[in-house]
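**Student:** Got a predicted structure plus its sequence, pasted below:
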Amino acid sequence: MNDNKGFQYVEYDLNGIPIRMGEVYENGIKNGQWRNFDTQGRLSAILHYQHDTLQGMATYFHFDNPDIPLKEEGLLVNSKRNGIWVAFEQSGKNRWRRTMYSVYNAEEEVIAKILFHPNDKIAVEIYMDADGNPHYYKQFDKKGNLIFKGEELPLVAE
């Protein structure tokens with residue numbers, strides 16, 4: 001069951017299960033921390049609002065593959081992703097393994113991605129051109145040694 005202590009606003013589905021909880025909700029305006037839940041009651045987002053605008057740290061949970069839940073964390077500025085967002089996959093009950101960084105500009109465009117090996121060493125760095133297409137790559141082996149850099153990523157089996 002979801003703990004709604006400290007939340008002024010709670011919205012329920014038809015079965016009485018909370019689907020949205022917020023710290024402050026006055027005159028239709030959201031402020032403070034808000035939590036969203038999916039149809040199975042799982043936490044799907046932790047968000048922060050200032051004057052009804054997403055602003056601050058955000059965490060999203062994805063359950064597309066129920067065996068490996070995913071989590072993303074990063075900064076929202078004026079309701080847009082900005083800066084470095086970190087993606088994780090669950091690797092134990094309360095353990096998360098970092099899998100990727102995505103770097104966003106102020107227009108919420110991805111300008112770079114960094115993917116990680118399971119041992120947490122960088123596997124690939126991808127830099128985007130002005131149109132958002134991959135333009136330049138760096139590839140690393142599992143020990144973190146640079147094995148390739150250039151404009152086209154070769155298919156390398158490890």
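**Tutor:** Arrived safely, thanks for sending. Residues are numbered from 1 along each chain as shown.

**Student:** What strands flank the lengthiest strand in the chain, and is each parallel or antiparallel?
**Tutor:** Ranked by number of residues, the top strand in the chain under DSSP state E is strand 80-92. Strand 80-92 has its sheet partners listed here by DSSP bridges as strand 70-77 (antiparallel), strand 95-104 (antiparallel).

**Student:** Make a markdown table out of the ones you listed and add mean pLDDT.
**Tutor:** Output for those, formatted as a markdown table (pLDDT from 0 to 100):
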| stretch | mean pLDDT |
| --- | --- |
| strand 70-77 | 98 |
| strand 95-104 | 96 |
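
**Student:** Output these as TSV; include the columns distance to Gly150 and mean neighbour count.
**Tutor:** Using the backbone N, CA and C atoms, a C-beta is placed for each residue, glycine as well. Output for these, formatted as TSV (distance: least, Cβ to Cβ, whole Å; neighbours: other Cβ atoms under 10 Å):
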stretch	distance to Gly150	mean neighbour count
strand 70-77	29	17
strand 95-104	20	17
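
**Student:** ok now the longest strand of the chain, how far from the chain's centre?
**Tutor:** Relative to the centre of its chain, strand 80-92 is centred 4 Å away, using Cα atoms, centre = their mean, to the nearest Å.

**Student:** Now do the same for that strand: mean pLDDT, whole number.
**Tutor:** Average pLDDT, strand 80-92: 95.

**Student:** buried ones in that strand?
**Tutor:** 81-82, 85-90 (16 or more other Cβ atoms under 10 Å).

**Student:** contacting residues around that strand?
**Tutor:** 68-76, 96-108 (Cβ atoms under 8 Å, 6 or more residues apart in numbering).

**Student:** what's the answer for stretch 29-45, then?
**Tutor:** Applying Cβ under 8 Å, 6+ apart, the contact partners of stretch 29-45 are 2, 7, 13, 17-25, 46-52, 58-63.

**Student:** Show the pLDDT at the closest residue in space to Asp52 that isn't next to it in sequence.
**Tutor:** Nearest non-adjacent residue to Asp52, counting by Cβ to Cβ, 6 or more residues apart in numbering: Ile29, 4.7 Å away. We have a pLDDT of 94 for Ile29.

**Student:** If Ile29 is in a bridge, with which residues?
**Tutor:** Beta-bridge partners, per DSSP bridges, of Ile29: Glu26.

**Student:** And the most centrally placed residue in the chain, how close does it get to Gly92?
**Tutor:** Central residue of the chain (Cα atoms, centre = their mean): Glu72, 1.9 Å from the mean position. Glu72 sits 18 Å away from Gly92, going by Cβ to Cβ, to the nearest Å.
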